[in-house]
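Visitor: Have a look; sequence and predicted model below, questions after that.
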Amino acid sequence: MERFINNLPPMDLMRSEKMTSVQLIIPVESAHRAVSYLGELGLFQFRDLNADKSPFQRTFVNQVKRCGEMSRKLRFFKDQINKAGLLSSACPNLEPDVELGELELQLVEHEHELTEINSNSEKLRRTYNELLEFKMVLQKAAGFLVSSNGHAVAGEVELSENIYSNDDYGETASLLEQEMRPRPSDQSGLQFISGIVSKAKVLRFERMLFRATRGNMLFNQAPADEEIMDPMSTEMVEKIVFVVFFSGEQARTKILKICEAFGANCYPVPEDLSKQRQITREVLSRLSELEATLDAGIRHRNKALTSIEFHLAKWMNMVRREKAVYDTLNMLNFDVTKKCLVGEGWCPIFAKAQIQEALQRATFDSSSQVGIIFHVMDAVESPPTYFRINSFTNAFQEIVDAYGVARYQEANPAVYTVITFPFLFAVMFGDWGHGICLLLGALVLIARESRLSTQKLGSFMEMLFGGRYVLLLMSLFSIYCGLIYNEFFSVPFHIFGQSAYKCRDATCRDAQSAGLVKYRDPYPFGVDPSWRGSRSELPFLNSVKMKMSILLGVAQMNLGIILSYFNACFFGSSLDIRYQFVPQMIFLNCLFGYLSLLIIIKWCTGSQADLYHVMIYMFLSPTDDLGDNQLFWGQRPLQILLLLLAIVAVPWMLFPKPFILKKLHSERFQGRTYGILGTSEMDLDVEPDSARQHHEEFNFSEVFVHQMIHSIEFVLGAVSNTASYLRLWALSLAHSELSTVFYEKVLLLAWGYDNFVIRLVGLAVFAFATAFILLMMETLSAFLHALRLHWVEFQNKFYHGDGYKFKPLSFASIADDDD
């Protein structure tokens with residue numbers, strides 16, 4: 001058997017790639033180019049040999065700082081380009097590469113130029129805003145100061161006792177009206193301040209003025225004709241032009257301080273109309289000049305940004321690469337002569353030739369007199385885990401890695417998850433109408449794969465796009481299971497021929513009727529459509545789906561235990577095979593494997609035996625006569641034998657392994673059997689449950705407790721995990737019943753009315769319920785339950801998941817926001 005297994009061809013995803021620990025001795029003149037070539041290859045993971053040093057104590061800290069500063073400048077350019085709304089240029093950059101020093105000088109020049117342009121533009125914009133506000137104030141304030149009747153025009157607002165009211169305007173003369181009446185010149189002491197304030201602050205501003213002057217003021221306001229850009233936030237804000245009339249220098253001082261506190265800009269408005277017109281003409285003239293200057297400045301700035309944007313992607317990529325190279329060089333050690341760097345790391349065995357070829361190129365291109373030494377080492381620590389995946393298998397591998405990264409070279413559940421995960425999802429989601437909807441969504445994502453892969457997606461869309469092939473298989477299996485269940489949006493169809501049943505009489509659906517009778521061969525594929533609407537529909541489907549869930553669960557748990565056997569064979573751990581795999585198979589199949597056998601026999605024979613009764617009394621009264629529950633000859637002695645084997649399997653799992661490990665350990669260190677030293681070392685070191693690695697002190701009590709916990713967990717888990725697979729039945733039933741409710745109680749009920757509006761509303765509600773409840777919430781629910789079945793019920797039989805990923809230096813995987 002082992003010879004047959006060893007002769008099987010290897011599977012790419014079954015076990016992680018074989019890794020080797022490597023030491024590189026690199027001359028200083030070749031170091032930068034060698035690390036760059038390895039980054040382009042993306043198959044070498046460096047180990048940090050300076051982990052005890054802070055980032056500021058490392059050799060190439062100044063180069064890392066330079067790259068960080070250049071990254072800051074490039075991010076500044078990118079922000080400026082985005083603010084300017086310039087589109088990315090699609091034309092390729094054919095200019096030759098520049099050196100890092102030249103690029104640094106160019107970036108300094110570009111930043112200085114842009115900073116100066118922005119500073120001048122900001123000053124001009126502030127001046128322009130002030131003139132624009134002055135123009136608004138001149139236009140609006142003139143209406144408050146001059147009118148044909150010799151008093152202020154309507155529109156002023158008088159604040160009296162903290163209550164805003166315009167109702168008593170005609171009854172009492174305002175302060176401004178009294179001032180505008182003919183009076184001797186010596187009585188005239190009225191002054192005013194005009195300005196502009198943000199609309200959001202005007203109420204608080206007016207209240208503060210009223211309180212500060214104790215009501216001895218008149219506040220007039222009018223909205224500005226257009227929004228004005230705030231010079232601080234550069235946002236367009238609505239503003240209000242105001243004129244405050246008051247008397248006395250003390251009130252003037254208070255009002256100016258309040259204006260300053262509220263950010264209100266005050267502008268002088270002369271009372272003389274001729275002076276107002278002259279100032280207005282001057283303001284309009286200066287505004288037109290500033291507009292032309294601002295437009296020229298914007299054109300100049302956009303031209304500079306366009307020239308930068310043409311090279312921006314290339315520069316950012318170059319700086320990211322350089323920073324990654326120097327970060328990696330900081331992980332290497334200088335030898336005592338300071339003439340070469342020593343690095344250590346991991347690489348796949350298949351990539352050794354490619355790495356050596358890249359290092360030879362680096363030596364040649366750097367004109368070094370000394371070559372780079374590539375030395376394979378023995379490593380004490382466990383190697384990283386590396387699977388060669390593609391766009392199809394990536395999502396399934398991510399599902400497994402979310403539970404835990406595989407230990408080096410242990411069996412990878414992703415190989416089986418590719419099929420079992422979408423299939424168990426479909427068992428819970430089975431409806432070929434809903435499956436077609438999911439299939440269309442998956443096909444849209446796959447058809448737009450090349451375009452969506454280059455776009456920046458939101459978190460939800462990125463997750464959906466990453467799992468597009470998972471969604472594809474989930475939809476295909478949902479169509480398959482939906483055809484078995486014969487449900488299309490909960491409606492059955494005679495797809496594969498006529499039903500095998502017919503009504504005995506006209507009152508077939510009546511509760512007093514005997515119901516359907518069989519008159520021909522069984523329906524060729526799936527559930528007979530005549531079960532729909534019959535009195536026995538729910539009991540029949542419940543029985544079928546519940547038994548099917550148990551069969552699928554026992555089969556998947558057996559697969560998990562079988563994979564633990566392949567792991568033990570691969571790592572050469574005979575203890576795991578004899579004292580873990582064998583008793584686990586015996587215990588699980590003597591109980592739940594036997595239950596699965598009874599289910600199949602009952603289906604094949606059409607027996608009326610009660611399997612609940614059989615399984616319960618197999619434990620309570622194993623010697624009692626089975627009576628009508630007997631399914632085959634010799635069932636009672638077989639049950640007694642299986643029960644005894646299951647009882648024996650528990651101590652078989654618990655006791656032998658810790659004592660054998662103790663015996664091997666004592667023999668190894670007392671020198672009795674040197675001949676089996678290699679075998680003992682191998683068994684002890686690769687033993688996952690020995691609770692000691694790398695020749696740690698053997699603790700028998702710890703090993704025994706660990707084995708006891710593992711055995712109890714398996715025994716109890718065999719029961720709870722089998723029961724957990726009943727979620728397949730529960731969710732399948734829930735999905736079917738929800739779909740039936742929406743079809744019968746919404747769509748058919750609305751269709752029963754002879755009213756187009758009611759039918760349209762019913763159709764809309766049905767479509768909404770189908771899309772958001774059945775296609776979104778139910779999909780998520782079935783996905784999460786399928787995830788739990790794989791993580792807990794399947795993977796805990798063989799999967800340790802305590803490894804760590806292979807993370808090579810790769811320029812292709814450097815993120816845009818790496819800094």
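Guide: Arrived safely, thanks for sending.
Visitor: Quick check: mean pLDDT of stretch 362-377?
Guide: Averaging pLDDT along stretch 362-377 gives 90.
Visitor: Output it as CSV, nothing but the C-alphas.
Guide: Extracted as CSV, the C-alpha positions of stretch 362-377 are listed here (Å, rounded to 0.1, in the frame of the first residue of the first chain):
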residue,chain,number,x,y,z
ALA,A,362,24.4,40.7,-10.6
THR,A,363,28.1,39.9,-10.3
PHE,A,364,28.6,40.4,-14.0
ASP,A,365,26.6,43.6,-14.3
SER,A,366,28.3,45.2,-11.3
SER,A,367,31.8,44.3,-12.6
SER,A,368,32.7,42.7,-9.4
GLN,A,369,35.9,40.7,-9.1
VAL,A,370,34.4,38.4,-6.5
GLY,A,371,31.4,36.2,-7.1
ILE,A,372,28.4,35.8,-4.8
ILE,A,373,28.5,32.7,-2.7
PHE,A,374,25.3,30.7,-2.6
HIS,A,375,25.5,28.2,0.3
VAL,A,376,22.8,25.8,1.3
MET,A,377,22.5,25.4,5.1
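Visitor: how about that stretch: buried residues?
Guide: For stretch 362-377, burial by neighbour count (16 or more other C-beta atoms under 10 Å) applies to 362, 363, 366, 368, 372, 374. From N, CA and C alone the C-beta is placed, and that goes for glycine too.
Visitor: What sits closest to the last one if chain neighbours are left out?
Guide: With C-beta to C-beta, 6 or more residues apart in numbering as the criterion, residue 374 has its nearest non-adjacent residue at 5.4 Å, and that residue is residue 356.
Visitor: give me the number of residues near that neighbour?
Guide: 13 (other C-beta atoms under 10 Å).
Visitor: Just the element for it, please.
Guide: helix 352-365 (DSSP states H and E).
Visitor: which helices and strands sit right next to the longest helix along the chain?
Guide: Looking across the chain with DSSP state H, the single longest helix is helix 273-329. If contacts are counted by 3 or more C-beta pairs under 8 Å, 6 or more residues apart in numbering; DSSP states H and E, helix 273-329 sits against helix 28-41, helix 61-84, helix 100-145.
Visitor: go with 10 Å
Guide: Secondary-structure packing of helix 273-329 (3 or more C-beta pairs under 10 Å, 6 or more residues apart in numbering; DSSP states H and E): helix 28-41, strand 45-47, helix 61-84, helix 100-145, strand 340-348.
Visitor: Out of these, the one nearest residue 394 is which?
Guide: When the helices and strands packed on helix 273-329 are compared by C-beta to C-beta, strand 340-348 sits nearest residue 394, at 17.7 Å.
Visitor: Which strands or helices does the closest one pack on?
Guide: strand 19-27, helix 28-41, strand 45-47, helix 273-329, strand 333-334, helix 352-365, strand 373-377.
Visitor: how about a cut-off of 7 Å?
Guide: strand 19-27, helix 28-41, strand 45-47, strand 333-334 (3 or more C-beta pairs under 7 Å, 6 or more residues apart in numbering; DSSP states H and E).
Visitor: Same list (these) but as TSV, adding mean pLDDT and mean neighbour count.
Guide: Output for the helices and strands packed on strand 340-348, formatted as TSV (pLDDT from 0 to 100; neighbours: other C-beta atoms under 10 Å):
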stretch	mean pLDDT	mean neighbour count
strand 19-27	93	19
helix 28-41	92	21
strand 45-47	94	20
strand 333-334	88	12
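Visitor: Among those, which comes closest to residue 269?
Guide: helix 28-41 (67.4 Å).
Visitor: Listing request: residues of the stretch 651-800 of the chain with sub-threshold pLDDT.
Guide: Residue ranges of the stretch 651-800 of the chain with pLDDT under 70: 670-696.
Visitor: So residue 609: helix, strand or coil?
Guide: coil (DSSP: H, G, I helix; E, B strand; the rest coil).
Visitor: what's near enough to touch it?
Guide: Shown in contact with residue 609 (C-beta atoms under 7 Å, 6 or more residues apart in numbering): 602, 628, 629, 631.
Visitor: Out of those residues, which comes closest to residue 800?
Guide: residue 602 (38.1 Å).
Visitor: Contact partners for the closest one?
Guide: 609, 611, 631.
Visitor: which one of these is nearest residue 220?
Guide: Ranked by distance to residue 220 (C-beta to C-beta), the contacts of residue 602 are led by residue 611 at 91.5 Å.
Visitor: Out of the helices and strands packed on helix 273-329, name the one with the poorest average pLDDT.
Guide: For the helices and strands packed on helix 273-329, where the average pLDDT is lowest is helix 100-145, sitting at a mean of 87.
Visitor: Just name whatever secondary elements it is in contact with.
Guide: Using 3+ C-beta pairs under 7 Å, 6+ apart: helix 100-145 touches helix 61-84, strand 190-198, strand 228-229, strand 239-247, helix 273-329.
Visitor: ok, now with 10 Å
Guide: Looks like helix 100-145 contacts helix 61-84, helix 175-180, strand 190-198, strand 218-223, strand 228-229, strand 239-247, strand 265-266, helix 273-329 (3+ C-beta pairs under 10 Å, 6+ apart).
Visitor: Now mean neighbour count too, for those, in CSV please.
Guide: Below are the helices and strands packed on helix 100-145 laid out as CSV (neighbours: other C-beta atoms under 10 Å):
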stretch, mean neighbour count
helix 61-84, 16
helix 175-180, 17
strand 190-198, 20
strand 218-223, 20
strand 228-229, 18
strand 239-247, 23
strand 265-266, 17
helix 273-329, 16
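Visitor: Right, I'll leave it there.
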